[in-house]
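> Quick one: sequence plus predicted model below, questions after.
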Amino acid sequence: MFFPKSIGLSLHGNDLIISKASQKFLKSTSQSIVVDDFLIKDSLDLKLIMDAHGFQTMNTVLSWPRERAIVREIELPGSNIKELRESISYQLDSFVLFPEEEVYYDIHPSHSDEYGEKVFIFAVKKEELDGVIVKLEASNLKPDRVIISPLSYIPLVNNDKVAVIEKCEDRYTFNLYVDKSLVSTSLVRNKNLLKTKIIENKPDELKFLECGQEETIDVQSEDDANIEYWDSNKQSLGVALNGLTEILGRFNVLKVKTKVRIKAFAIMGILSILVLAFIFILPGIFRDKKVQSLQAIDAKLKKLRPRVMVSNRLREEIDSISEINDKINEVVQKNSRRIDVVAELTKALPNDTWVRNLLIKKDGFEIEGIGLSGSKVLTLLEYSPRFDSVSFTSSVVKDKSGKEKFKIKGGIK
């Protein structure tokens, strides 16, 4: 297209904000409209509203709220991203606790000298996103792509270290960018933790969305950071600019694998050939099935014996750990930082998890262990009031017994 145009959509509570971005020669223009209570009202023909404002619904992109998405941050060299893309569908539930059938997802790489190489895994529950897409489709405004809100602000930030902070109900989203690249995104529970985030990262610029000037006085640090207050339409405008410039490339959580469609007569021909083949080979199939069943039963019996032995050893180890834990509780009488951290980890980790290595630093910790679910361990540590900024330091790997090996780091409050 000589004069590209793009439509950006964003959700703020029940409201839908629509922004148009267009470029003609070197001049770019934008315009926004707000549809109040869109999610709770009956479907309406948004195309009529779009036409009335001169919008063209080509290349429509929806921004999904960060607080309603599942986000995982993994430290990973850029050379391994292709391998992760090819294998993530097989280990997705290890990262987000949901199988591939229940979520839409995509990955976004990040690189900076200060924050290193990493990959963000963004996932959205299909049930939630499908409901919104059906509503938009009924209103003649079905999106072509869906991105996550932290990515929508990339066209709006400069090459400095910029923090975009958005108020969402009783929490905040803290998104950090360096050289127009997303390097960190997290949910922050209150103003005190938000101020800690700002002090730790020391951004050059602070962009507040849905936050008034009076509300942000308590969280501003003493550093000379440039502060700007954005309107609620900034997110949809950033989405439209993403669609206009293709900064994010092919990122789209709605991506699906293409399937080859076979014509009806070809299917019937294949089925006919299969029926004729089965007429001649059915007796052999039944005989082979019996042999395979006997072999499978024998193999399962052989496998069960070592598992029973392992189970007995695990029970002995559990009893031993319980005795050690009781002794630790007797020893803890004073406020010892390391003992407090070990006690909190012991309380937070599930019984099916074993810690092989534990490193406690001045303001953080790193653990290496094995368990039934690395994501479950990470989620439990995230909910602990003692820890923050919990993330995987490498991909989760399953061993021969089906358990998951993981490495996790986090900060100590």
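Looks like it came in fine. Residues are numbered from 1 along each chain as shown.
> so what's Val96 scoring on pLDDT?
Listed pLDDT for Val96 reads 83.
> and it, what does it touch?
Applying Cβ atoms under 8 Å, 6 or more residues apart in numbering to Val96 gives the contacts 70, 72, 103, 105, 121, 123, 375. All C-beta atoms are positioned from the backbone trio N, CA, C, and that covers glycine.
> pLDDT weak spots in the stretch 51-200 of the chain?
Within the stretch 51-200 of the chain, the segments meeting pLDDT under 70 span 51-58, 78-79.
> So which residues of it form strands?
60-64, 70-75, 103-112, 116-125, 145-148, 161-168, 171-178, 181-188 (DSSP state E, counting those that start in this stretch).
> Strand partners (parallel or antiparallel) of the fifth one?
So the one you mean is strand 145-148. strand 60-64 (parallel) (DSSP bridges).
> Show residues contacting the partner strand.
Identification of contacts with strand 60-64 by Cβ under 8 Å, 6+ apart yields 6-11, 124, 129, 132-133, 136, 141-149, 151-152, 235-236, 238-240, 242-243, 253.
> Can you check what angle separates it from strand 116-125?
Angle of strand 60-64 versus strand 116-125, following axes from the mean of the first three to the mean of the last three Cα atoms, to 10 degrees, is 100 degrees.
> Quick check: buried residues in strand 60-64?
Neighbour-count burial for strand 60-64 flags 60-64 (criterion: 16 or more other Cβ atoms under 10 Å).
> angle of that strand against strand 103-112?
Using the same axes, to 10 degrees: strand 60-64 against strand 103-112 is 90 degrees.
> circling back to that earlier point, buried ones only from the contacts of strand 60-64, please, as a PyMOL command.
Here is the PyMOL command that selects the buried residues among the contacts of strand 60-64 (16+ other Cβ under 10 Å):
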select buried, resi 6+7+8+9+10+11+124+129+132+133+136+141+143+145+146+147+148+149+151+152+235+236+238+239+240+242+243+253
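> where are the low-confidence patches of the stretch 301-413 of the chain?
Confidence mapping of the stretch 301-413 of the chain against pLDDT under 70 gives the ranges 301, 308, 331-337.
> which residues of it fall in strands?
Under DSSP E, counting those that start in this stretch, the stretch 301-413 of the chain gives strands at 354-360, 364-371, 387-392, 397-398, 404-412.
> outside of the last one, which residues touch it?
Residues from elsewhere that reach strand 404-412 (Cβ under 8 Å, 6+ apart): 94, 337, 341, 360, 363-374, 377-378, 381, 386-394, 396-399.
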